[in-house]
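>>> Need coordinates for the following:
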Amino acid sequence: MEKIKCKGAITDGKGTFSIEEIEVDSPSFDEVLVKIKAAGICHTDYDSLNWGKQMILGHEGAGVVEKIGRNVKDLNEGDSVILNWAIPCGHCFQCKKGNHNICENNSPVTGRNNRGHAHYGGTIFQGQNVDRSFNLGTLSEYALVKKGAVVKNNSTKMSFAAASIIGCGVMTGYGSVVHAAKVKRDSNVVVIGAGGVGLNVIQAARICGAKRIIVIDVKESRYEMAKKMGATDFILADKTDRGLLNASAKVKELLDGRSADYAFECTAVAALGAAPLAMIRNGGTAVQVSGIEEEITIDMNLFEWDKKYINPLYGKCKPQIDFPAIVHCYENQELLLEELVTRTYSLSQLTEAFHDLLQGKNAKGVIEF
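Numbers count the residues shown, from 1 in each chain. Presented below is the predicted three-dimensional model:
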């Protein structure tokens, strides 16, 4: 089988990575070879440096179809595509219920082989198969993926950098609002954290017609971008405000004595896991967007009364439906994507990109190939 030699970022799973030459196979019957044009960078990519597994980094990406397997009927060479890491098998218990994001067979998070470890072959490093982060490995010049990981992008004006971030951060924020919480028109929304995911929660709340979108963050510098995305109010949080209880009192003041209808936690800070419950009225909905995976203690008084707390994965994504919907919102100038990409880097600048990520310098940083 013909192989392509290219460059990719590989972690040893012990905290470091390097840019190496790899070999990528031609696609088999149900695979697609994608020439990566851009790959988004998020905290999960940095975290994966310490997952104890050698693999090619990256799980957000966009590019062009280079080759297709013989059983791939709905794509052609040269198509512009967005990659999706929640690859449904189509026949497990969850897929049959329409829960493609929590597929029991293919998901790198909820499936049998979890923690972002790919279980498909086809990529070689130093003569051995190497795994691909989230079954993709987008921090590489080429990625060999299953056809279920590929969604055609019909936009003629969207940059590859903007397209690349749809596959995780944008989808997670958008879907948490639209699918998980089902935010209603004229409602009041609180967003805790105005990073990459939080900014897309703000946008989706605006698209849903929320009346007030109150953003809480410890960095005042994030207010301008949050306002551009649709925030109506900003509360500068104090890091000593345990559980953001003081901030929640300010929310209540802004809303004339009643707390918000919805609140979204988008920081991944374990100490703030219960914070959205403090922001919502009786009967309101709290959403844990950022994927906290630690043991936390919750004061059950925060649940009083009739409050809901949900923890959706990937915004309950159905990629073949949701990605085109997001592209449609972009085409109609409802969803800002180009503006979210505040800096681009080359693959050789990945160390700098990670540094800027940890310093919170970008709304979204992207590697361009």
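>>> show me the contacts for the residue lying closest to Pro319 once chain neighbours are set aside.
Of all residues not flanking Pro319 in the chain, Asn84 sits nearest, at 3.9 Å (C-beta to C-beta, 6 or more residues apart in numbering). Heads up, the C-betas are built off the backbone N, CA and C, glycines and all. By C-beta atoms under 8 Å, 6 or more residues apart in numbering, the contact set of Asn84 is Gly148, Ala149, Val150, Val151, Gly167, Met171, Cys317, Pro319, Phe323.
>>> Restricted to strands, list those residues.
Secondary structure assignment by DSSP state E places Val150, Val151 of the contacts of Asn84 in strands.
>>> ok, of the contacts of Asn84, which one's closest to Thr123?
Ala149 (13.7 Å; C-beta to C-beta).
>>> That closest one touches Leu136, doesn't it?
Yes - using C-beta atoms under 8 Å, Ala149 is in contact with Leu136, at 6.3 Å.
>>> Now do the shared contacts for the two.
Contacts common to Ala149 and Leu136, judged by C-beta under 8 Å, 6+ apart, are Leu83, Trp85.
>>> between these two, which one's more packed in?
Between Ala149 and Leu136, Leu136 has the larger neighbour count (other C-beta atoms under 10 Å), namely 32 against 27.
>>> helices and strands around the lengthiest strand in the chain, which ones?
Assignment by DSSP E gives strand 31-41 as the longest strand of the chain. Strand 31-41 is packed against strand 62-68, strand 80-83, strand 142-146, helix 160-164, helix 350-358, strand 364-368, with contacts defined by 3 or more C-beta pairs under 8 Å, 6 or more residues apart in numbering; DSSP states H and E.
>>> With adjacent residues omitted, what lies nearest to Arg281?
Leaving aside its sequence neighbours, Arg281 sits nearest to Ser259 (C-beta to C-beta, 6+ apart; 4.3 Å).
>>> Report the separation between that neighbour and Ser26.
56 Å (C-beta to C-beta, to the nearest Å).
>>> The two - which one has more neighbours?
Neighbour totals were compared for Ser259 and Ser26, and Ser259 leads with 21 against 16 (other C-beta under 10 Å).
>>> these two touch, right, the more buried one and Glu253?
No - at 10.3 Å, Ser259 does not count as touching Glu253 under the criterion of C-beta under 8 Å.
>>> those helices in the chain, which residues are they?
Applying DSSP state H to the chain gives helices spanning 43-47, 93-96, 160-164, 169-175, 196-207, 223-229, 245-254, 275-279, 319-331, 350-358.
>>> Relative to Ile19, which of the ones you listed is closest?
Ile19 lies closest to helix 350-358 among the helices of the chain, at 7.3 Å (C-beta to C-beta).
>>> Show me the beta-bridge partners of Gly40.
For Gly40, the beta-bridge partners are Val366 (DSSP bridges).
>>> ok so, going back, include mean neighbour count, mean pLDDT and distance to Asp45 when you put the helices and strands packed on strand 31-41 into a markdown table, please.
Output for the helices and strands packed on strand 31-41, formatted as a markdown table (neighbours: other C-beta atoms under 10 Å; pLDDT from 0 to 100; distance: least, C-beta to C-beta, whole Å):
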| stretch | mean neighbour count | mean pLDDT | distance to Asp45 |
| --- | --- | --- | --- |
| strand 62-68 | 21 | 97 | 15 |
| strand 80-83 | 25 | 98 | 14 |
| strand 142-146 | 25 | 95 | 14 |
| helix 160-164 | 26 | 98 | 12 |
| helix 350-358 | 17 | 96 | 8 |
| strand 364-368 | 25 | 97 | 10 |
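>>> Make a markdown table from those and add distance to Gly8 to it.
A markdown table is the format used below for the helices and strands packed on strand 31-41 (distance: least, C-beta to C-beta, whole Å):
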| stretch | distance to Gly8 |
| --- | --- |
| strand 62-68 | 13 |
| strand 80-83 | 15 |
| strand 142-146 | 8 |
| helix 160-164 | 16 |
| helix 350-358 | 11 |
| strand 364-368 | 11 |
